[in-house]
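J.: have a look at this fold, sequence not included:
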């Protein structure tokens, strides 16, 4: 009269801080049972993160029985995954992001840190997060209510903004435009533009109608380094769409360079839900909106506005390429897979997705502009970091036009780059420097306490 039912339960010791990396498990559904004969009705299955992506490797094997219900084979546990995630980096990244958001009264944001030399993800956080242990406590009296609250939350805590969120990149895209403009000879390091605060062009349909495109302030005479450091919209309007003696890249060449950097592709990170970016083109606008492409559209995408959308993961990968000399790596989280006996099954090798070809002198000009973003540009907050960093700020209008997203990309040290970081803060209602604040607090810890302690003998 006694039956033993084997059961397993996860315990996620890092809770919400690692939720979007690890994911969670739930009991199998009828669909799961029909799709895969492996599962039994009492099994659990990975639903997000590493749990879902490596479900087949993690789940092990059931005990096999013969006709008389006698065991003929023992159950085996699944393989072990060693991750690229640094537990200290992940924990501090989570605390830094959530603390800054809480102090500002903002709910949604994300941050990622990668090794620019390999693409390995060292930390990845999306806020708000959730406690994956909620899904394990299915005998708890409030289990249904707790799970339902997560799915009903308007801030979408289960949503991984790093890989699944599409955002206008804002001015964080300007270093890419600068690379393209220099390579194509549209501008040189000595090209000067008088950024008076606004640029007016005539309508391509009716010359009597004019349109004015504004900058965020008057910058005066501007070269490309200052244009990056001070985020000078007028300079990039001209660089992208042309004006006066500057012919501009034009939308076709801009789109080609975005594609060169894989902006329209998924990068293949090993967690579910990664989406590809979107690059607007003349043909797309004609087919979807029934409208011609205008120079104003080119101006918009030249400063990361308009219909262009990318993931924070892609932003970090493109900035890593600037830091490392042109290599876009496949981002990855699983470093090594081993059997229960400790034998290595898979050891992830860094994988080059593409190499963007820019002369070192062009890369150095753009890197110098990004360095000046901190020394005398839009991110002076990071001046006190104990190593030299290079960065780019960005602010992008949400589609409604009634709110803004704050973005920030940074890498360092500039003399020998190790890491790149991208921060997103959604729907900012106060300071536009919230993303910069997150990066500052994390980098101060990383290049202070963390780096110092990790290099001690």
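T.: Ah, there it is. Please read these numbers as outputs of a predicted model, since none were measured by experiment.

J.: all strands for the stretch 151-300 of the chain, in order.
T.: For the stretch 151-300 of the chain, the strands defined by DSSP state E, counting those that start in this stretch cover 193-195, 198-202, 210-214, 220-222.

J.: I'd like the ones you listed laid out as TSV, including mean neighbour count, distance to residue 54 and mean pLDDT.
T.: For glycine as for every other residue, the C-beta is placed from the backbone atoms N, C-alpha and C. Formatted as TSV, those follow (neighbours: other CB atoms under 10 Å; distance: least, CB to CB, whole Å; pLDDT from 0 to 100):
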stretch	mean neighbour count	distance to residue 54	mean pLDDT
strand 193-195	20	51	95
strand 198-202	15	51	91
strand 210-214	12	48	91
strand 220-222	15	49	97
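
J.: now tabulate the ones you listed in CSV and tack on distance to residue 116.
T.: Compiled in CSV, these are given as follows (distance: least, CB to CB, whole Å):
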stretch, distance to residue 116
strand 193-195, 31
strand 198-202, 35
strand 210-214, 34
strand 220-222, 28
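
J.: out of these, nearest to residue 175?
T.: For residue 175, the closest of the strands of the stretch 151-300 of the chain is strand 220-222, at 15.3 Å, according to CB to CB.

J.: can you give the strand pairings for that closest one, parallel or anti for each?
T.: Paired strands of strand 220-222, with direction, are strand 193-195 (antiparallel) (DSSP bridges).

J.: quick one: the strand it pairs with to chain centroid distance?
T.: On the basis of CA atoms, centre = their mean, to the nearest Å, strand 193-195 sits 32 Å off its chain's mean C-alpha point.

J.: just stretch 246-262 next, same as before
T.: A distance of 22 Å separates the centroid of the chain from that of stretch 246-262, by CA atoms, centre = their mean.

J.: where does the stretch 251-400 of the chain have low pLDDT?
T.: Within the stretch 251-400 of the chain, the stretches with pLDDT under 70 are 399-400.

J.: now the helices for it?
T.: Listed in chain order, the helices of the stretch 251-400 of the chain (DSSP state H, counting those that start in this stretch) span 251-260, 282-289, 295-302, 312-324, 360-375.

J.: could you dump those into CSV with mean neighbour count and distance to residue 179 added?
T.: Shown next, in CSV, are the helices of the stretch 251-400 of the chain (neighbours: other CB atoms under 10 Å; distance: least, CB to CB, whole Å):
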stretch, mean neighbour count, distance to residue 179
helix 251-260, 18, 7
helix 282-289, 12, 22
helix 295-302, 22, 13
helix 312-324, 27, 8
helix 360-375, 20, 6
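
J.: among those helices, which comes closest to residue 269?
T.: Closest of the helices of the stretch 251-400 of the chain to residue 269 is helix 312-324, at 6.3 Å (criterion: CB to CB).

J.: next, count neighbours for residue 55.
T.: By the measure other CB atoms under 10 Å, the count of residues near residue 55 is 19.

J.: need the nearest residue in space to it, chain neighbours excluded.
T.: Counting by CB to CB, 6 or more residues apart in numbering, the nearest residue to residue 55 once its immediate chain neighbours are dropped is residue 46, at 4.3 Å.

J.: can you give me the distance of that neighbour to residue 409?
T.: 31 Å (CB to CB, to the nearest Å).

J.: please apply the same query to residue 258.
T.: Distance from residue 258 to residue 409, counting by CB to CB: 16 Å.

J.: now do the contacts for residue 165.
T.: Counting by CB atoms under 8 Å, 6 or more residues apart in numbering, residue 165 touches 110, 126, 159, 311-312, 424.

J.: can you name the residues that contact the closest residue in space to residue 433 that isn't next to it in sequence?
T.: What sits nearest to residue 433 in space, not counting adjacent residues and going by CB to CB, 6+ apart, is residue 381, at 6.7 Å. Residues counted as contacts of residue 381 (CB under 8 Å, 6+ apart) are 433, 436-437, 440.

J.: just the buried ones from the contacts of residue 165, in PyMOL syntax?
T.: Selecting only the buried entries of these in PyMOL, with 16 or more other CB atoms under 10 Å as the criterion:
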select buried, resi 110+126+159+311+312+424
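
J.: the contacts of residue 165 into CSV, with extra columns for distance to residue 148?
T.: Listed next are the contacts of residue 165 as CSV, based on distance: CB to CB, whole Å:
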residue, distance to residue 148
110, 24
126, 20
159, 16
311, 28
312, 28
424, 27
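
J.: circling back to that earlier point, hang on, the residue nearest to residue 55 packs against residue 28?
T.: No. Using CB atoms under 8 Å, residue 46 makes no contact with residue 28, being 10.7 Å away.

J.: more neighbours, those two?
T.: Comparing residue 46 with residue 28 by neighbour count (other CB under 10 Å), the higher total belongs to residue 46, at 21 against 18.

J.: and that one, what does it touch?
T.: Here residue 46 is in contact with 23-25, 52-55, 58 (CB under 8 Å, 6+ apart).

J.: of all these, which comes closest to residue 1?
T.: Nearest to residue 1 among the contacts of residue 46, with distances taken as CB to CB, is residue 25, at 31.2 Å.

J.: for the closest one, grab the count of nearby residues.
T.: 24.

J.: and if you look at residue 409?
T.: 31.

J.: what about it, is that helix, strand or coil?
T.: Classification of residue 409 using DSSP: H, G, I helix; E, B strand; the rest coil returns strand.

J.: that one and residue 390 touch, don't they?
T.: No. Assessed by CB under 8 Å, residue 409 is found out of contact with residue 390, at 9.2 Å.
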